[in-house]
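A.B. asks: Could you look at this predicted model? Sequence included:
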Amino acid sequence: MSESSGTPVSGHAGELAVAVARAHGVEAMFTLSGAHVFPMYDGAVKAEPPMRLVDVRHEQTAAFAAEATGKLTRSPGLAVLTAGPGITNGVSAVAQAKFAGSPMVVVGGRAPDNRWGMGSLQELDHPPILAPVAKLAHTIGTADEITQGMDEAFRTAGSSHRGPVFVDVPMDEFFNQATAVVPQVDPHRGAAPDADALARVATLLAAAERPVLVLGTDVWADHAEVAALAFVEVLGLPSITNGMGRGVIPGGHRLLVTKARSQAFGQADLVVVVGTPLDFRLGYGVFGGKDGATPAKVVHLADSPAQVSGHAQLAAAASGDLTSIFTGILSALDRVSHKPDWTPWVDTLQDSVRAATDRDSALLSAEADPIHPARIYGELVPRLADDAVVIGDGGDFVSFAGKFVEPKRPGGWLDPGPYGCLGAGLGAAMAARIARPSAQVALLLGDGAAGFSLMDVDSLVRHDLPVVMICGNNSAWGLEKGPMQMIYGYDVAADLAPRTAYDDVVKALGGGGETVTDPRQIGPALDRAFDSGVPYLVNVITDVNAAYPRATYGV
C-alpha cells in the first residue's frame, strides 16, 4: 500500500469511507436502510460518479450479496448494516465468508459515543460478536481515523488468506467532518513459496503412479486459474475440482475426472490438494486404500501458512502465491530425471467417467412422475452458456447440481461451501447479475432454502436484476428427512406444505414464474424463464423419495 500518490479528500466520515471503498474497487453498496449509516448513503450519492446503492428486504441478503461479490470479482464486496439487529442479521453471511475465504467488508452503524452506556436505540458492542468469524473486527472511533481504518479493513479482507472484516463507526462520528488522504491501492500478491518444499512435492509427483490433483476455491481467488490449467495439461495430471475451483479445468476436459471421484480417491497413491481445506468434503485428508491399494500420500498446498492442514498426515506441504507454487513445482520437475507418464491411470479413470456419464444419462432424461430432480439438470445443462453463473442454495437438490453441472469456465459457480448456510441465494444472485451483467444467472433453490430469502425477489424487481430461479420442490427438508428415517425409522420436523406455489410468490412481487409437474415441460419453462427479462421462478414438483446418494453427511 502506497500513500505517496494518494488523493486528499475532505468531507464527513461517510464520504471518506466511500472514497476508500471505491479506491479498492467497490462498485456497489448492499444495504438495508438505517439511520445509523445514513452518512454512507450520502457519501455514495455524492461520489463522482455515484456509487450504486442496492437496498434489500433483509440484512442477510445484503451481507450474502457482498460475500458473493467478493467471490466473483476477487476483491472485497461491501455491505453496510445498521446498528444492533442490522448487524446481527448479517452474522451468518460473515461466517460463510470466513469458511469460504471470501473477501468482504461489513461496515456497521453504532450507537453514538456521546450516548454510550445510556441505552440509546440499538446500542450493542458489535466487534466481540463478530470477532470469532472475521479476520478483523473493531470500532473506528473517530472521523479522523476513518480513511486509515477503512483502508486497513479492505487490505486485510483482500489479502491471503482472504475473508471478512467488520468495522463499526459511532453514529455521531459518522456525521463529523475530516480531511485525509485516500491511498492508492497496489495489487496484492501472496508470499513466495519455499523452493525446497516445492522440490519435495515434485519428487513425490515424479515417483507417483496414480496421482490425483484437487483444485479448490482459493485457486480462483488467488488468480491462479491459468497457471493451474497449464500445470494440469503439461503434466497430464488427472484432476478433481470443488467450490470455485470448478471450471478451472473445463467441463468435458480429458483430465477432469470428478465423475470418477470415488475410484480416483480410493486408488490414488498420491493426492495433491490445492486451495481448499482437508475437511469433510475431502474425507478429512485420508485417501487410498480401496481395492487393495495402499493409503495415499497427501500433499497440501495453500495460499497462506494457517490454511495448511494441522490434522492430516502430510507427506509435504507448501504455502504462498498459488501461481508461484504451480510454476515452481513445474520447474522442479524439469530437474527430475524420471519424467512420469500417467496415461494408463488417466485412461482407467476416463473409463469410469464414461461409465458414470452413461449411468447418469438415464436419470437426466427420466420420465418419472413425480419428477426426478436429476431431470431438471438434464434440461438445464444444455441451456447454460459457457459464461453462465450457477448459484446453489439448498441441500439435496443442490447436491445433484454438483454432480451434473460441470462449468466450462472458472468463476461461474457459487455454492454454500463448507459452512453449509442456506439463504445465501438471493444475495448471490444480485451480486452475480451486477458483477456479470451480460451472463446468464441461474439460481438453484431447494424449497427449504427458498423460504429463507424469497421475499428479496422484491429487491431483484426494484433494481431491475433479472435472474432465473429454479426451485426443486419436494415439499421436505430432504437432507434431513432421509437420514432421520435411517436412524430412527421415522422422521419429524422434515415436511413442508405440499406443492407450495413459490412461483406465485415471485409473481406477487413483480416477477414471473410457473409450476411444472410434467418432466417434458421443464425445458420449455426454462426457455421462457431465460427469455423473460425479469426475475422468474420455475417451480418444479419433484419426488421426495429421489434422494441424492451421498457418502457423507458432513460429520
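C.D. replies: Yep, that arrived. Numbering: from 1, shown residues only.
A.B. asks: Let me see the ranges of the helices in the stretch 51-200 of the chain.
C.D. replies: Counting by DSSP state H, counting those that start in this stretch, the stretch 51-200 of the chain has helices at residues 59-73, 85-88, 91-100, 127-130, 146-158, 171-174, 195-207.
A.B. asks: Can you name the element that comes right after the last one?
C.D. replies: It refers to helix 195-207. Where DSSP states H and E defines the elements, the next helix or strand beyond helix 195-207 is strand 211-215.
A.B. asks: Just send the helices of the stretch 51-200 of the chain back as JSON lines, with distance to residue 542 too.
C.D. replies: C-betas here are computed from N, CA, C, even on glycine. Converted to JSON lines, those look like this (distance: least, CB to CB, whole Å):
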{"stretch": "helix 59-73", "distance to residue 542": "25"}
{"stretch": "helix 85-88", "distance to residue 542": "34"}
{"stretch": "helix 91-100", "distance to residue 542": "26"}
{"stretch": "helix 127-130", "distance to residue 542": "38"}
{"stretch": "helix 146-158", "distance to residue 542": "38"}
{"stretch": "helix 171-174", "distance to residue 542": "48"}
{"stretch": "helix 195-207", "distance to residue 542": "43"}
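A.B. asks: now the most centrally placed residue in the chain, nearest residue through space, not along the chain?
C.D. replies: For the chain, the residue sitting closest to the mean C-alpha position, by CA atoms, centre = their mean, is residue 414 at 4.4 Å. Distances taken as CB to CB, 6 or more residues apart in numbering put residue 391 closest to residue 414, at 4.6 Å, once the chain neighbours are dropped.
A.B. asks: Check the helices of the stretch 51-200 of the chain for me and report the most buried one.
C.D. replies: A comparison of the helices of the stretch 51-200 of the chain by mean neighbour count, using mean count of other CB atoms under 10 Å, puts helix 59-73 on top with a mean of 30.
A.B. asks: hey, where'd the strands end up in the stretch 401-550 of the chain?
C.D. replies: For the stretch 401-550 of the chain, the strands defined by DSSP state E, counting those that start in this stretch occupy 413-414, 441-446, 468-473, 512-516, 536-541.
A.B. asks: List the residues that contact residue 406.
C.D. replies: 246-247, 250-252, 256, 258 (CB atoms under 8 Å, 6 or more residues apart in numbering).
A.B. asks: mind redoing it with 10 Å?
C.D. replies: 241, 246-247, 249-253, 256, 258-259, 381, 413 (CB atoms under 10 Å, 6 or more residues apart in numbering).
A.B. asks: State the next helix or strand along the chain beyond the lowest-mean-pLDDT helix or strand in the chain.
C.D. replies: In the chain, no helix or strand scores lower on mean pLDDT, DSSP states H and E than strand 2-12, which sits at a mean of 73. Counting by DSSP H and E, the next helix or strand C-terminal to strand 2-12 is helix 13-23.
A.B. asks: Now do the next helix or strand after that following helix: distance to the chain's middle.
C.D. replies: Heading C-terminal from helix 13-23, the first helix or strand you meet, by DSSP H and E, is strand 28-31. Between the centre of strand 28-31 and the centre of its chain there are 18 Å (CA atoms, centre = their mean, to the nearest Å).
A.B. asks: cool, stretch 294-307 as well?
C.D. replies: 21 Å.
A.B. asks: May I have the secondary structure class of residue 244?
C.D. replies: helix (DSSP: H, G, I helix; E, B strand; the rest coil).
A.B. asks: May I have the residues that are in contact with it?
C.D. replies: Residue 244 neighbours (CB under 10 Å, 6+ apart): 71-72, 74, 100-102, 215-221, 225, 275-276, 407, 410-415, 417.
A.B. asks: if we can go back for a sec, quick check: which of the helices of the stretch 51-200 of the chain is nearest to residue 488?
C.D. replies: Closest to residue 488 of those is helix 91-100 (CB to CB; 28.3 Å).
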